[in-house]
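Asks: Provide a 3D model corresponding to the input given below.
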Amino acid sequence: MSEFIPPATRFIALPSPFPMKDGGQLHGARIAYETWGMLDADAGNAILIHTGLSPDAHAASHPDDPSDGWWERMIGPGKAIDTDRWFVVCVNTLGSCKGSTGAASINPATGKAYQLDFPELSVEDCADAAAHVVRELGITQLACVIGNSMGGMTALSMIERHPGLARHLIDISGAARALPFSIAIRSLQREAIRLDPLWNEGQYDDERYPESGMRIARKLGVITYRSAMEWDGRFGRIRLDPEAREDDIPFAAEFEVEGYLENHARRFVRRFDPNCYLYLGRAMDRYDIGESSLTPCGDRHRDALDALATLKLDKALVIGVETDLLFPLEQQQEIAEGLRRGGVDAQFVAMPSPQGHDAFLVDIERFGPAVRDFLNTLLPAA
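Replies: Residues are numbered from 1 along each chain as shown. Predicted structure coming up:
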């Protein structure tokens, strides 16, 4: 699969070799990123955004790429993350297929795509790669790091592994560890891909591509990204128009919600590499800040709250959504409680949005003011 890279994307090379947490290493690797706004002379107005599993670095429109970004309504002049005041950096995570080095990238040792020769990937590796980008941009300390979903995990890991690199945190629908329900969902997604004969142990190409497996995996994901309340309010039991139905196919889609899932999945499958999907999903499953962090004596923490209490921050805003199935509200409560145990001024907000895990992408009327107000406490409006 060829990589999809937005026009405004730039790249920073990682150290070569780049060591990985679980023992592998990368040579000639890079991270894709985009920026908005101007960096102050003292580099004190920088914000880093860690994305969820699938977004690229194009979080908002840019003079070099006027197309809408995945967080277009949140980032820009006068918006909640105001680029007239903040210098904003968004990275495409290590292991992705949107410009950063991942399983779809060319392995310099073979001249072919890594595929399953890509080393074991962890959230910690993603955090280390992003921290390198920050420093290469001349930023010694971020005013704030923002993480959404998987990006919330990466943000916590970066703060833990690179103390002092960020003074403040906005963690949105994130988690300090993967819970059994989300692991189970991602396990089914991986199984759908692996059982597609065209996956071929990871050895596929654009002509023989595991489209069916990716479609099913994406449908499973989308179902958990929204809430039952939204599915009911948006689709109810409305049937597809007769012209849109394939009545000659047994048990074909009959309801509008089925048609929505199919259309959404088809738009996604050729824009994200299946092996990258597998690697990133497994990295999320394995993340547990209690297992990854060390006590002062060098032993491993076994409790996420204790590990969170060691993180060095001034202030944090932790936002969860009451209807989130994938990263339930108690996970954000845990983050806020753990940070408070360590003396961090941590504010917890439970959003009543009906839109589930993806609410931060679409319910800007709720999320925007909370983010803006918090950032205004860091750099008060003129």
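
Asks: Give me the residues contacting the helix or strand hosting Glu191.
Replies: For Glu191, the element it lies in under DSSP states H and E is helix 180-194. Identification of contacts with helix 180-194 by CB atoms under 8 Å, 6 or more residues apart in numbering yields 175, 199, 210, 213-214, 216-218, 220-221, 224, 274, 277-278, 281-282, 284-285, 325-328. Any C-beta I mention is one placed from the backbone N, CA and C, and that applies to glycine too.

Asks: Buried by neighbour count: which residues of that helix qualify?
Replies: For helix 180-194, a neighbour-count test (16 or more other CB atoms under 10 Å) marks 182, 185-186, 189-190, 192-193 as buried.

Asks: so Gly213 sits right up against Asp196, yeah?
Replies: Yes: Gly213 is in contact with Asp196 according to CB atoms under 8 Å; the separation is 3.0 Å.

Asks: Pick out whichever of those two has more residues nearby.
Replies: Taking neighbours as other CB atoms under 10 Å, Gly213 and Asp196 compare with Gly213 leading, 24 against 20.

Asks: mean confidence score for stretch 185-204?
Replies: For stretch 185-204, the mean per-residue pLDDT is 98.

Asks: repeat for stretch 360-378
Replies: 97.

Asks: what comes up buried for it?
Replies: So stretch 360-378, judged by 16+ other CB under 10 Å, has buried residues 360-361, 363-364, 366-368, 370-372, 374-375, 378.

Asks: ok, of those residues, which one's closest to His168?
Replies: Ranked by distance to His168 (CB to CB), these are led by Leu378 at 5.8 Å.

Asks: Distance of that closest one relative to Tyr114?
Replies: 39 Å (CB to CB, to the nearest Å).

Asks: and if you look at Gly44?
Replies: In terms of CB to CB, Gly44 sits 38 Å off from Tyr114.

Asks: do the same with Pro328
Replies: Using CB to CB, one obtains 34 Å as the distance from Pro328 to Tyr114.

Asks: Those two: who's more crowded?
Replies: Neighbours per residue, other CB under 10 Å: of Pro328 and Tyr114, the larger number sits with Tyr114, 22 against 19.

Asks: How about the more buried one: what's its closest non-neighbour residue?
Replies: Once flanking residues are discounted, Tyr114 sits nearest to Asn107: 4.6 Å by CB to CB, 6 or more residues apart in numbering.

Asks: That neighbour against Ala113, yeah?
Replies: Yes: assessed by CB under 8 Å, Asn107 is found in contact with Ala113 at 6.9 Å.

Asks: Neighbour count: the two, which is higher?
Replies: Between Asn107 and Ala113, counting by other CB under 10 Å, Ala113 is the more crowded of the two (24 against 17).

Asks: mind listing what the more buried one touches?
Replies: Residues near Ala113 by CB under 8 Å, 6+ apart: 103-107.

Asks: In the stretch 201-350 of the chain, where is pLDDT below threshold?
Replies: Applying pLDDT under 70 to the stretch 201-350 of the chain flags the ranges 293-301.

Asks: mind listing the strands for it?
Replies: 315-321, 345-351 (DSSP state E, counting those that start in this stretch).

Asks: Mind pulling up the pLDDT for the residue nearest to Tyr114?
Replies: The model's pLDDT for Asn107 equals 97.

Asks: What is the neighbour count of Arg286?
Replies: 19.

Asks: Do I have it right that it meets Glu124?
Replies: No: between Arg286 and Glu124 there is no contact under CB under 8 Å: 9.5 Å.

Asks: coming back round to it: CA atoms only: put the helix holding Glu191 into CSV for me.
Replies: C-alpha atoms of helix 180-194 as CSV (Å, rounded to 0.1, in the frame of the first residue of the first chain):
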residue,chain,number,x,y,z
PRO,A,180,-10.3,-5.9,28.9
PHE,A,181,-13.2,-4.6,26.9
SER,A,182,-11.1,-2.5,24.6
ILE,A,183,-8.5,-5.2,24.3
ALA,A,184,-11.3,-7.7,23.3
ILE,A,185,-12.6,-5.3,20.6
ARG,A,186,-9.1,-4.8,19.1
SER,A,187,-8.5,-8.6,19.3
LEU,A,188,-11.6,-9.1,17.1
GLN,A,189,-10.4,-6.4,14.7
ARG,A,190,-7.0,-8.1,14.4
GLU,A,191,-8.7,-11.5,13.8
ALA,A,192,-10.8,-10.1,11.0
ILE,A,193,-7.7,-8.9,9.2
ARG,A,194,-5.6,-12.0,9.9
